[in-house]
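> would you be able to build a 3D model of this:
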Amino acid sequence: MGRSRVLTILFAAGLLATGMSARAATPSSGIVSSSNDALSWSGSFDAIVTPGILAECSLGICDKFTYTVNLAESATEEIEVAVRWLSESTDTDLDLFVTDEEGAVVGQSTGLDSSAEVAHIPVSNGTFDVWVAPVTLDEPLQYSGRIEVESPPAVEPVRDLLPNMTTLEPHTLMIATGEYYIDPVHNEAVSCYPEEITDPDEQTPTRCLRFDQIAYNQGAGPLELRFNPIDPSNAGSPRLRQRIYSSDGTYREVTAEDAMEFHPIHGHWHYSGFGLGRLYVDGNPTPVRQSNKKGFCLIDVDFEGWGAKGNGPRSYSAPGCLVPDPDEGGDVVMGIDNGWADVYNWFLADQFIDITGLADGVYRLEIIADPGNTLVESDYTDNARSTWICISGTTVNKVAGPDAACV
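Numbering: from 1, shown residues only. Coordinates of the predicted model:
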């Protein structure tokens with residue numbers, strides 16, 4: 001949040017101080033009209049490392065795509081500007097800025113820990129430039145860009161725009177450790193991190209099944225959670241408040257059942273009740289093992305709504321889910337916008353199920369978002385996702401079902 005404001009100031013200052021130059025995207029321009037309400041482009045960057053705060057598009061290291069809007073102006077419609085990329089490195093970060101004909105920044109999407117940036121801009125006819133800025137890269141990168149017209153939900157009938165959390169199938173399963181935030185690196189000799197082995201809440205695990213936990217909001221509105229860590233009435237255990245937005249632009253707040261907990265090893269607050277993993281043997285309704293995830297810091301990571309209508313912009317990012325925002329009354333604000341998913345990768349500490357002493361074989365891995373149904377959602381029946389897996393020594397693979405061969 002503070003980082004975004006600094007970026008805006010520096011970027012705008014760069015626009016005013018220098019004539020902007022940039023690499024052209026492919027194609028380099030397009031027109032948004034009633035007969036063509038979606039545009040696409042692509043671009044690429046070489047393997048470079050740039051400062052964490054980057055506003056030097058005048059040096060020609062940003063991509064530029066120019067679009068012209070020729071629509072009947074509406075008080076409600078918006079232009080969605082989005083970029084997304086695939087990378088094996090979690091250090092990869094692009095930022096997105098949109099400027100008008102005067103060079104003023106009219107939209108932006110910045111932040112850490114994401115594979116996409118999305119901004120929504122009120123419809124206004126004219127010509128605009130999209131600047132895609134490579135903030136951090138350690139490998140060549142290709143990205144896709146998209147512009148489309150978004151129509152917000154109708155106001156009438158006035159109703160809550162509720163989130164609907166579901167779980168997506170994990171991309172990766174491991175019986176190995178990574179290097180905390182580096183995906184391609186793994187060590188099969190050790191599957192549990194030191195703090196997991198010495199954690200007094202665990203049973204000294206020595207064999208850990210690690211998996212991605214992907215929580216996707218496919219509802220009509222964002223999941224937004226807030227807490228105030230310095231409010232004296234919290235008595236050291238801040239209560240979570242869920243903010244629920246309405247179709248008429250108002251909102252209400254409800255107090256969630258879960259409180260926040262401070263994790264001294266990680267040095268920040270955790271929301272511990274959001275996700276859960278369980279292992280089952282076929283035919284047994286009782287899990288043989290389950291996860292003990294210490295907490296979640298919910299943000300927009302994967303833009304699952306690419307190319308669809310009714311999605312939100314990127315609204316929640318790090319470090320906003322950890323740091324009190326003075327503009328929000330000292331609240332820490334976290335969440336998952338509609339059309340977005342939060343991703344807890346397999347290599348993160350505490351993202352595991354203890355399988356010490358568990359026999360090799362076929363198991364059903366169930367991953368659940370909002371397992372206690374403590375949040376207000378439009379549908380609780382789709383919160384869980386099951387994946388059949390084969391555990392064999394230091395390897396784990398997805399299989400077709402309970403009768404699949406496990407080798």
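> beta partners for the nearest residue to V132 once chain neighbours are set aside?
Leaving aside its sequence neighbours, V132 sits nearest to D63 (Cβ to Cβ, 6 or more residues apart in numbering; 4.3 Å). Quick note: C-beta positions are derived from backbone N, CA and C, even for glycine. Beta-bridge pairing for D63 (DSSP bridges): R23, V132.
> I'd say D63 and C57 touch.
No: judged on Cβ atoms under 8 Å, D63 makes no contact with C57 at a distance of 9.1 Å.
> give me the buried positions along stretch 86-99.
For stretch 86-99, burial by neighbour count (16 or more other Cβ atoms under 10 Å) applies to 87, 90-99.
> farthest pair in those residues?
For the buried residues of stretch 86-99, the farthest-apart pair by Cβ to Cβ is T90 and T99; their separation is 29.0 Å.
> ok so, going back, could you pull up the residues touching the residue nearest to V132?
Neighbouring residues of D63 by Cβ atoms under 8 Å, 6 or more residues apart in numbering: 22-25, 43, 45, 131-132.
> now, of those residues, which are buried?
Applying 16+ other Cβ under 10 Å to these flags 22-23, 25, 43, 45, 131-132 as buried.
> dump these to TSV, plus distance to I230 and pLDDT.
Output for the buried ones among the contacts of D63, formatted as TSV (distance: Cβ to Cβ, whole Å; pLDDT from 0 to 100):
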residue	distance to I230	pLDDT
A22	43	61
R23	45	72
A25	45	85
G43	43	95
F45	41	89
W131	37	93
V132	38	93
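> domains of the chain?
Domains of the chain are assigned by automatic domain parsing as 2-150, 165-398.
> which among those domains is found nearest to C406?
domain 165-398 (3.8 Å).
> lowest average confidence across the domains of the chain, which one?
Lowest mean pLDDT within the domains of the chain: domain 2-150, at a mean of 81.
> need the strands for the stretch 1-150 of the chain, in chain order.
Assigned by DSSP state E, counting those that start in this stretch, the strands in the stretch 1-150 of the chain fall at 23-33, 38-45, 63-70, 78-85, 93-99, 105-109, 116-122, 126-136, 141-150.
> T374 is nearest to which of those strands?
strand 116-122 (28.1 Å).
> contacts for the closest one, please.
Strand 116-122 is contacted by residues 77-85, 94-96, 98, 106-111, 128, 150, 300, 302-303, 306, 311-314 when judged by Cβ under 8 Å, 6+ apart.
> Provide the strand pairings for it, with the direction of each partner.
Paired strands of strand 116-122, with direction, are strand 78-85 (antiparallel) (DSSP bridges).
> what lies in contact with the partner strand?
Contacts for strand 78-85 (Cβ under 8 Å, 6+ apart): 32, 69, 92, 94, 96, 98, 107, 109, 115-123, 130, 132, 141-152, 303, 306, 311, 313.
> spit out the contact partners of A405.
Applying Cβ under 8 Å, 6+ apart, the residues near A405 are 390, 399.
> in a helix, that's where it is, yeah?
No: per DSSP: H, G, I helix; E, B strand; the rest coil, A405 lies outside any helix segment and is coil.
> state the distance from it to L209.
Separation of A405 from L209 (Cβ to Cβ, to the nearest Å) stands at 19 Å.
> so how far is D282 from W346?
Applying Cβ to Cβ, the value for W346 to D282 is 24 Å.
> can you give the strand pairings for the longest strand along the chain, parallel or anti for each?
For the chain, the strand with the greatest residue count under DSSP state E is strand 251-263. Within its sheet, strand 251-263 is paired with strand 239-245 (antiparallel), strand 268-271 (antiparallel), according to DSSP bridges.
> state the number of residues packed around the nearest residue in space to G372 that is not next to it in sequence.
Nearest residue to G372, sequence neighbours excluded (Cβ to Cβ, 6+ apart): G273, at 5.9 Å. By other Cβ atoms under 10 Å, the residues close to G273 number 21.
> roughly how far apart are G273 and L240?
Between G273 and L240 the computed distance is 9 Å (Cβ to Cβ).
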